Every structure is written in structure tokens, then in C-alpha cells.
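Sharing a sequence plus its predicted fold:
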Amino acid sequence: MAKAVVIGGGIGGLAAGIALHREGWEVSVLERASELEAVGSGLAIAVNGLRALDTLGLGDAVRELSALEGQAGIRASGGRWLTHTTEVKVRELYGDSVVMLLRATLVDLLADTLGRERLRLDTAVTGVDAATGTVRTGTGELRADLVVAADGIHSPVRAALFPGHPAPVYAGVTAWRGLVPRRGLPIQSSESWGRGTVFGIHAINDDLVYFYATDLSPAGAVHADEREELLRRFGDWHEPIPALLRGADPARILRNDLYYLRDPLPAMHSGRVALVGDAAHPMTPNLGQGACQAIEDAVVLAGLAGGDLAAYTEARLRRTAEVVRRSMSICKITKLRNPVAVALRDRGMSLAARLTPDLMLRSMNELLDWRPPARTWSGREPAGPA
């Protein structure tokens, strides 16, 4: 039986482990932490991500967790809708919806599906030989027919495989994430845009709300109290943003600077090593595609890993580079601070939405209409864009 070693127990690594195991590989997933990710934040799984999860037998389990509620879209900081859509319209166009869930819930679901016996926690990787498939750890060496690097944005494996390639660069914005009790607040999934600022709200369920926010900031800035910092920046925005922030636990608000890979890699493989997820294509979160692209990588890789990994690069490099580019393009638009530029941006979005009501969705056709490789597809047959 062919052996695969996966470096990294995040979403991309676990998904790759499951996909390869389903293809008949003997799989070990190495994770340097003593426990799997339990980050207190949410994430979105869009139509393309759900289709990828279908190939792992997990699509319906994720669909049952949560879905887009009613109207959703982009608002101004005062609350006016700039562009929006509905869950019904998403289903009409794509035969599926968008699921909001806890990141930790998805990680646990993936780990249970993989099988905890295939996980090796507290295992730090110290080096990889791409030519032989040798993975060096603090407790010894492992030999594999395939090594999957899913070791994150600042991937040491990527740096070792492509030493002359530029590292991810700072996008110029920092991001906050948090979970807040809903307490009966009326919640519509939305992302509100201000002057260089963004605040997103999504209900995870009847009791819990996930929020995120971004603003321009020097890299590495430190704040004494992240909730007070958020209230200073967003406390006069439309409700329920101030109410959510007042109800947030300061100790549970996460903040991290955003990085992306401005220059795509020349390949997503080298020797016996394939890169997936953030290790291959770090991106800003503006399209909500980080997890989705990682899961896409995993299922495509598993279908091609028995042959030349060049086919994996051919299948994934161009698509993921375009997602990184488009996501950063939106990030740049949200970074506008000049009042005239912001007014023109908002007016343009509102006008475009009136002229083409489905523009918000149809602009995503190429992204959302992705299909898994035919040989791995076992899920429902979704509708395509009209």
C-alpha cells in the first residue's frame, strides 16, 4: 500500500488525509501542536467547498449545521444595503447554499472522519527531502511515497522547496475575529464597509454570532484591550455591531495581521511533495475561500497523486492564483480611505446592483461553479449558473 505523510492537522491537511485514505493510501497526519485547532472563530463553506466535501462523504453533514439566513450582502457603515442576495437566489443559481459554522466544528468533523489513530500530535517536522519523500521529525524519520505539506501561511516546507521565491507579504490590514452570544439580536449575514474598514456578522446558530473586522494597521501593532479598540473603531456603526461588541469577551477576541502570496509559486509540487491550502496559496479572507480552496486542493490531489504530481499543479495552480488575486483586489477596494473614493465606490456598487440584481452572485460564477474531478464525484448533481 502506498504511504502518504501529511504535515499539518488543519483543514487542508485533514481533508487531504481523508481524500488519500479513501483512494487507498496509508496515511499519517503530523501535527506539531498537542491538540487540534480550537480557534474561537467561524468560517463559510460556499457551494464549491460543499461539493468538495461531498467527495469526502461530508457535504450533507456540514449542510445540516447551518445555512445562510434570509438576505445577505454588503452594507455601508450606516446600515444601508449596497448589494445583497438571498439564500433562495443562491439555490436557484447553484443548487446549493452557503454554510456558516465554527472552524473547530469542521476540524473535529474532519479528524473524526480521518480516524484519530492516523493523527500524530506533538510531532514537529524538522525537514523534508522532496526527492526521497523522507520526513524528519524530532523523534525520527518517516518515508513516504507522497508528502503533503499543509503547514500554513508561513510554511517552512514551501520555503525549503522554493528558497528563492518571495514570501507572503503583509496586506496592510489587521483582522479581528470573535464569537458572541446572540441574545435575541436580529442578525442578517452582512459585511459592512467603511473608510478602510470592514465589519462582518454571521449567525452560526440561534445562540451564537460570529463577527470579524478589518482595518488598516502597521504590521505587528499591539493593543492593550482588543474590545476597546474595536469599539473605538466601530462603536458608532449601525446596529447590531455596537451591541455585539459590548457583549464580546475581550479575552476571546482574536487578532492577526493578514498576509497573502503576491507572487504565485512556479508549481504546487516538488519531487514527492505536494503543497495544499495556505502552504500553497495564502490569501486574504475577502472572498471567504481559504478553507474551500484547501479542500478543493485535497480532493484533486488525491485523485491525481497516483501519477505525476505535475498534473496536480496543472489542475490547481492557475485557479488558486486567480482566487488569491481576486481576493486581494477586493481587499484593496475595502482599504480605500479617501471620502470621495469611498462615496464613489459605494454609489457604484448600489447602481450596479440595481441594474443587475444578481450581479453579486454572477460575478462569482467561475469560482462557485467548480466541480470535483469526475472520478471522485459521489454527491448530488447541482444546478449550474443560468
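Yep, it's here.

Which parts of the stretch 151-300 of the chain are helices?
Applying DSSP state H, counting those that start in this stretch to the stretch 151-300 of the chain gives helices spanning 156-161, 226-234, 241-246, 290-304.

and the last one, what does it pack onto?
Applying 3 or more Cβ pairs under 8 Å, 6 or more residues apart in numbering; DSSP states H and E, we find helix 290-304 packed against helix 11-22, strand 42-45, helix 47-55, helix 310-334. (C-beta placed from N, C-alpha, C; glycine too.)

Name the residues of that helix that are buried.
290-304 (16 or more other Cβ atoms under 10 Å).

just the second one next, same as before
Using 16+ other Cβ under 10 Å as the burial criterion, the residues of helix 226-234 that qualify are 226-227, 229-231, 233-234.

Just to check, Leu121 is in contact with Ser28?
No - with contact defined as Cβ atoms under 8 Å, Leu121 does not reach Ser28; the gap is 11.6 Å.

Who has more neighbours out of the two?
Neighbour count, other Cβ atoms under 10 Å: between Leu121 and Ser28, Ser28 has more, with 19 against 14.

now the closest residue to that one other than its chain neighbours: how far from Gly194?
Nearest-residue entry for Ser28: Val5, 5.3 Å, with adjacent residues in sequence omitted and distances by Cβ to Cβ, 6 or more residues apart in numbering. In this structure, Val5 and Gly194 are 45 Å apart, going by Cβ to Cβ, to the nearest Å.

Which one's more surrounded, the two?
For Val5 versus Gly194, neighbours defined as other Cβ under 10 Å are more numerous around Val5 (27 against 20).

Might you report the residue contacts of that one?
27-28, 30, 133, 135, 142, 144, 146-148 (Cβ atoms under 8 Å, 6 or more residues apart in numbering).

Tell me the one among these nearest to Gly115.
Checking the contacts of Val5 against Gly115 by Cβ to Cβ gives Val27 as the nearest, at 8.7 Å.

just checking, the closest one touches Ala15?
No - between Val27 and Ala15 there is no contact under Cβ under 8 Å: 11.5 Å.

any residues in contact with both of those two?
With Cβ under 8 Å, 6+ apart, Val27 and Ala15 have no common neighbours.

Neighbour count for these two, which is higher?
Ala15 (34 against 27).

and the gap between the more buried one and Ser189?
Ala15 is 24 Å from Ser189, by Cβ to Cβ.

quick one: least confident helix or strand in this protein?
helix 359-362 (a mean of 69; mean pLDDT, DSSP states H and E).

helices or strands up against the helix or strand following that helix?
Later in the chain than helix 359-362, the nearest helix or strand by DSSP states H and E is helix 365-368. With contacts taken as 3+ Cβ pairs under 8 Å, 6+ apart, helix 365-368 sits against helix 47-55.

for the record, mean pLDDT for the helix it packs on?
For helix 47-55, mean pLDDT is 96.

contacting residues around the residue nearest to the spatial centre of the chain?
Centrality entry for the chain: nearest residue to the mean C-alpha point is Gly290, 2.2 Å, by Cα atoms, centre = their mean. Counting by Cβ under 8 Å, 6+ apart, Gly290 makes contact with 43, 277-278, 283.

Same list (those) but as TSV, adding neighbour count, pLDDT and distance to Pro163.
Listed next are the contacts of Gly290 as TSV, based on neighbours: other Cβ atoms under 10 Å; pLDDT from 0 to 100; distance: Cβ to Cβ, whole Å:
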residue	neighbour count	pLDDT	distance to Pro163
Leu43	24	92	32
Gly277	31	98	21
Asp278	27	98	19
Met283	27	98	22
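
Looking at those, spot the one nearest Ile253.
Here the nearest of the contacts of Gly290 to Ile253, counting by Cβ to Cβ, is Leu43; it sits at 16.6 Å.

what sits against the residue nearest to Pro250 when sequence neighbours are not counted?
Nearest residue to Pro250, sequence neighbours excluded (Cβ to Cβ, 6+ apart): Arg227, at 4.1 Å. Taking Cβ under 8 Å, 6+ apart, we find Arg227 in contact with 245, 248-250, 253.

Could you check how far Arg227 is from Ala160?
The value you get for Arg227 to Ala160, if Cβ to Cβ is used, is 39 Å.

ok, how many other residues are close to Ala150?
31.

how close does it sit to Asp278?
Ala150 sits 8 Å away from Asp278 when distances are taken as Cβ to Cβ.

quick one on the thing from earlier: out of the helices of the stretch 151-300 of the chain, nearest to Val107?
In terms of Cβ to Cβ, the element of these nearest to Val107 is helix 290-304, at 10.0 Å.

So for stretch 324-338, what gets flagged as buried?
Residues of stretch 324-338 classed as buried: 324, 326-328, 331, 334-336 (neighbour count, 16+ other Cβ under 10 Å).

could these go into a markdown table alongside pLDDT and distance to Ile204?
Converted to a markdown table, the buried residues of stretch 324-338 look like this (pLDDT from 0 to 100; distance: Cβ to Cβ, whole Å):
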| residue | pLDDT | distance to Ile204 |
| --- | --- | --- |
| Val324 | 98 | 27 |
| Arg326 | 96 | 26 |
| Ser327 | 97 | 23 |
| Met328 | 98 | 27 |
| Cys331 | 97 | 24 |
| Thr334 | 97 | 23 |
| Lys335 | 97 | 28 |
| Leu336 | 97 | 30 |
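
of these, closest to Arg103?
Ser327 (18.0 Å).

From the rest of the structure, what touches stretch 335-352?
Contact with stretch 335-352 is made by 74, 76, 82-83, 172-173, 193-196, 216, 333, 359, as judged by Cβ under 8 Å, 6+ apart.

Throw together a PyMOL command that grabs the buried residues out of those residues.
Only the buried entries of the contacts of stretch 335-352 go into this PyMOL selection, using 16+ other Cβ under 10 Å:
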select buried, resi 74+76+82+83+172+173+193+194+195+196
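
can you tell me which of the contacts of stretch 335-352 are in strands?
Per DSSP state E, strands hold the following members of these: 74, 76, 82-83, 172-173, 193, 216.
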